[in-house]
Structures are given as structure tokens and as C-alpha cells.
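Asks: Sharing a sequence plus its predicted fold:
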Amino acid sequence: MTPILELKGITKVYGKEDNRIVAVDDVTLTIGRGEMLLVMGPSGSGKTTLLSIMGCILLPTEGDVTVDGKKIIGGASPYSRPEDVLPDIRKEYFGFVFQSFNLFPSLTAVENVGLILRLKKRDGKEINSEALKLIERFGLAKRAGFYPADMSGGEKQRVALARALAGDPPIILADEPTANLDSKTGLEVLGLLRGLSEAGKAVVIVSHDPKAETTADRIVYLEDGKIKKT
Ligand SMILES: Nc1ncnc2c1ncn2[C@@H]1O[C@H](COP(=O)(O)OP(=O)(O)O)[C@@H](O)[C@H]1O
Ligand SMILES: [Mg+2]
């Protein structure tokens, strides 16, 4: 299995003195291309913090992040100010899916996807047709011109999946993607994420939804920021 994402000794501390919280505590993890990894743990165990560090949204207090063999953060990184390169790394390597969908309410489904393609500097003329293709891939052809307010939760999360795939990044990170969905729709979304991993994407889901357990290739459990030995 070729690693696409490697975390080594990742620790994240928030706050100082009385407010000091170790949200992630010395986590080491490797994710392979095409692997579907599930990170489970109770609320407050550090899942979102860990996922944000994986996705180069948040800098760790300590530890190394390596993406596609390139050391981005940590000792021996070629970047003295990793924060300067993180936006480009995010655009090239990551697609994100969130619990509350995070679609722009004033943009239609196809515009929400197109916006990310534009940020990823796709050729202007192709943006619309590419966004439509992604929307259709998730069975939403009839919803392309709809605004988020006029779509169901499952439809919104499928738009979010289409958006995560915009620009064809190799890694998809999903933070509690089924938490706002009913059980059947949640399973559908998990199945779609599974399909992405079978098509070669590395997929990391953080969740405490037991339904996710059967879809993943591997599960790690977080407790107080640490990976529990199983
Ligand atoms: N920006 C922040 N500032 C201070 N503390 C935070 C921040 N984000 C998260 N925390 C704290 O870090 C711990 C882990 O939070 P989080 O990563 O959101 O866990 P989870 O996603 O598993 O619920 C919690 O104690 C939370 O209160
Ligand atoms: Mg969380």
C-alpha cells in the first residue's frame, strides 16, 4: 500500500496554563492510497482537530505531516513557514466533507461545485460542464439548479461529495458526514464514500456512527486525543 498521508507524533495543544488542553496527543498514523480509514471516538476526543491537521487546515503543536511523500510540516520539512504552502497543498490533495454540509446558501448546487473548481484554477470555460458532470455522478442532475434550502439533507451531502471531488484530489476527509442524516440516507452517503475509496481515493471519516464501522477498511479509536491500543 503506497502511503498518501503520514502523521508522525502529532500533538495539538490549545490554550495556556489553566486553559491548556491537549486535544491530540502523540498520534502516528499512515493512510494508503485507496484506503478507507474510520476514526471513532466520543465527543471531545480530538477527532475534528486530528482531521484538520490531516487536511493541512490546522498546524500541529508538534509532529510531522507528510503528504504524497513530501514532508510538509515538521523536522526536515523544506518549508520554513509551512503556513505559506498549506493553501496550495489543500487545493491539490484534499477534498472536505462536513457534518453540516457547509454549502453556500446563495449558490446553486452546480455553482457550489463550480466555485471550488474555480479556486482550483480550472479553465473558465470548462468549469460549468465539469461541475455538472460531478453533480450527475452523484445522481443529482435534476437538482443542479437548486439552492441548498430546496434540497434534502441527503441531497446536500451529495452536493458536498461532488464538491469534495472537484479537481480530483487523492484524499477525501469527512467530519461526521452522517450526523445530520437519517439512518438510511447516512448509509447511502457511506456507500458513496466507499465507492470513492474503491475508485482509488484515500478516504478518512471521523464519526461516532456505528454504521460506519462496516464500511471502513480500518478503524482507529481516539480517546482523550490518543489512539487506543486495540
Ligand atoms: N479552537 C479550539 N480552542 C480551544 N480548545 C479547542 C478548540 N477546538 C477544540 N478544542 C478542544 O479540544 C478537544 C478536542 O476537540 P475536537 O477535536 O473538536 O473533538 P471531537 O471532534 O472529537 O469532538 C475538546 O476538549 C475541545 O473542547
Ligand atoms: Mg468533531
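Replies: Received, thanks. Ligands and ions are numbered 1, 2, ... in the order given.

Asks: Identify the residues contacting the helix ranked longest in the chain?
Replies: Assignment by DSSP state H gives helix 183-198 as the longest helix of the chain. Contact with helix 183-198 is made by 34-36, 97, 138, 152-154, 157-158, 161, 165, 172, 174, 177-178, 181, 203, 205, 209, 211-212, 215, 217, as judged by Cβ atoms under 8 Å, 6 or more residues apart in numbering. Any C-beta I mention is one placed from the backbone N, CA and C, and that applies to glycine too.

Asks: Now the buried members of those.
Replies: Among the contacts of helix 183-198, those classed as buried by 16 or more other Cβ atoms under 10 Å are 34-36, 97, 138, 153-154, 157-158, 161, 165, 172, 174, 177-178, 181, 203, 205, 209, 212, 215.

Asks: Those in strands, which ones?
Replies: 36, 97, 172, 174, 203, 205 (DSSP state E).

Asks: Pull the most distant pair out of the residues you listed.
Replies: In these, two members sit farther apart than any others by Cβ to Cβ. They are 36 and 97, at 13.1 Å.

Asks: In contact with the closest residue in space to residue 112 that isn't next to it in sequence, which residues?
Replies: Computed as Cβ to Cβ, 6 or more residues apart in numbering, the closest residue to residue 112 that is not its neighbour in sequence is residue 103, at 4.9 Å. With contact taken as Cβ under 8 Å, 6+ apart, residue 103 is in contact with 109, 112, 148, 156, 159, 160, 163.

Asks: rerun at 6 Å
Replies: Taking Cβ atoms under 6 Å, 6 or more residues apart in numbering, we find residue 103 in contact with 112, 148, 156.

Asks: and the closest residue to the last one other than its chain neighbours, how many residues sit next to it?
Replies: Put plainly, it is residue 156. Closest residue to residue 156 apart from its sequence neighbours, by Cβ to Cβ, 6+ apart: residue 101 at 4.4 Å. For residue 101, the neighbour count with other Cβ atoms under 10 Å is 20.

Asks: how close does residue 101 get to residue 9?
Replies: The spacing between residue 101 and residue 9, counted by Cβ to Cβ, to the nearest Å, is 33 Å.

Asks: Can you spell out which residues form a bridge with the most centrally placed residue in the chain?
Replies: Closest to where the C-alpha atoms of the chain average out (Cα atoms, centre = their mean) is residue 173, at 1.6 Å. Residue 173 forms beta bridges with residue 96, residue 204, as assigned by DSSP bridges.

Asks: wait, isn't it in contact with residue 53?
Replies: No - judged on Cβ atoms under 6 Å, residue 173 makes no contact with residue 53 at a distance of 10.4 Å.

Asks: For the chain, give me the ranges with low pLDDT.
Replies: 230 (pLDDT under 70).

Asks: do that again at 90, thanks
Replies: Along the chain, segments meeting pLDDT under 90 span 1-2, 74-84, 119-126, 208-209, 211, 229-230.

Asks: and whichever residue of it sits closest to ligand 2, what element?
Replies: Nearest residue of the chain to ligand 2 (Cβ to the ion) works out as residue 48 at 3.2 Å. Using DSSP states H and E, residue 48 sits in helix 47-54.
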